[in-house]
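>>> Coordinates only, no sequence provided:
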């Protein structure tokens, strides 16, 4: 727990790098198209509870893992963003299934420490291209992410090639940061 708090308060945060493919404003809404390389991620999932009920618990598990609660007791530093994959129903309400992931910091990509919490797995995730709604603030909950996802959906329109069965709710800040927070919604672009 101390490692997680130390990382969150005093550690440098390694932001996941990407290639900016385009930056656009449409109907007053600013978004980017970005390309992320494949990497290893620490992942934990949940079914049966709502976004607001379970995300804090799952994020803490991942922050503890990268903060040193792993088999090797290695504090890896922090990484951003924390990515929550959500699965909206046809009415826009999120299903009770979600996956929370954090990119393993670069210096541990080759050999990530073994999670001591059996709920956490380390996955090799492929590269992806996303439509990223530019930053919005606050302690975002399900309602804020849903509203921003709806805004991005309307902005992109019906013909944009993105997956509609899932999207990503991203938070770049440690849980203890009180203001100036950065959140984003990403839609996964369908590859041709």
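All right, it came through fine. Quantities reported herein were computed from a predicted structural model and do not represent experimental measurements.
>>> list the contacts for residue 136?
Going by C-beta atoms under 8 Å, 6 or more residues apart in numbering, residue 136 touches 144, 148, 183-184. Yep, even glycine has a C-beta here, placed from its N, CA and C like the rest.
>>> Closest one to residue 51 out of those residues, please.
residue 144 (10.5 Å; C-beta to C-beta).
>>> one step back: what about the contacts of residue 136, which are in helices?
144, 148 (DSSP state H).
>>> Take the contacts of residue 136 and lay them out in CSV including pLDDT and neighbour count.
Listed next are the contacts of residue 136 as CSV, based on pLDDT from 0 to 100; neighbours: other C-beta atoms under 10 Å:
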residue, pLDDT, neighbour count
144, 94, 16
148, 94, 21
183, 95, 20
184, 96, 24
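>>> wait, what's in contact with the residue nearest the centre of the chain?
Nearest to the geometric centre of the chain sits residue 83, at 1.1 Å (C-alpha atoms, centre = their mean). Going by C-beta under 8 Å, 6+ apart, residue 83 touches 41, 100-102, 168-170, 186.
>>> related to what we said a few turns ago, can you redo the contacts of residue 136 as a markdown table with distance to residue 106?
Output for the contacts of residue 136, formatted as a markdown table (distance: C-beta to C-beta, whole Å):
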| residue | distance to residue 106 |
| --- | --- |
| 144 | 30 |
| 148 | 29 |
| 183 | 23 |
| 184 | 21 |
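>>> Closest to residue 90 out of the contacts of residue 136?
residue 148 (18.7 Å).
>>> any idea how far the closest one is from residue 89?
Distance, residue 148 to residue 89, using C-beta to C-beta, to the nearest Å: 17 Å.
>>> Between which two of the contacts of residue 136 is the distance greatest?
Farthest pair in these (C-beta to C-beta) is 144 and 184. Separation: 11.3 Å.
>>> does residue 160 count as helix, strand or coil?
Classification of residue 160 using DSSP: H, G, I helix; E, B strand; the rest coil returns coil.
>>> My guess is it contacts residue 152. True?
No. Applying C-beta atoms under 8 Å, one finds residue 160 not in contact with residue 152, separated by 9.4 Å.
>>> ok, back up a step: if I've got this straight, the residue nearest to the centre of the chain is in a strand?
Yes. Counting by three-state DSSP, residue 83 is located in a strand.
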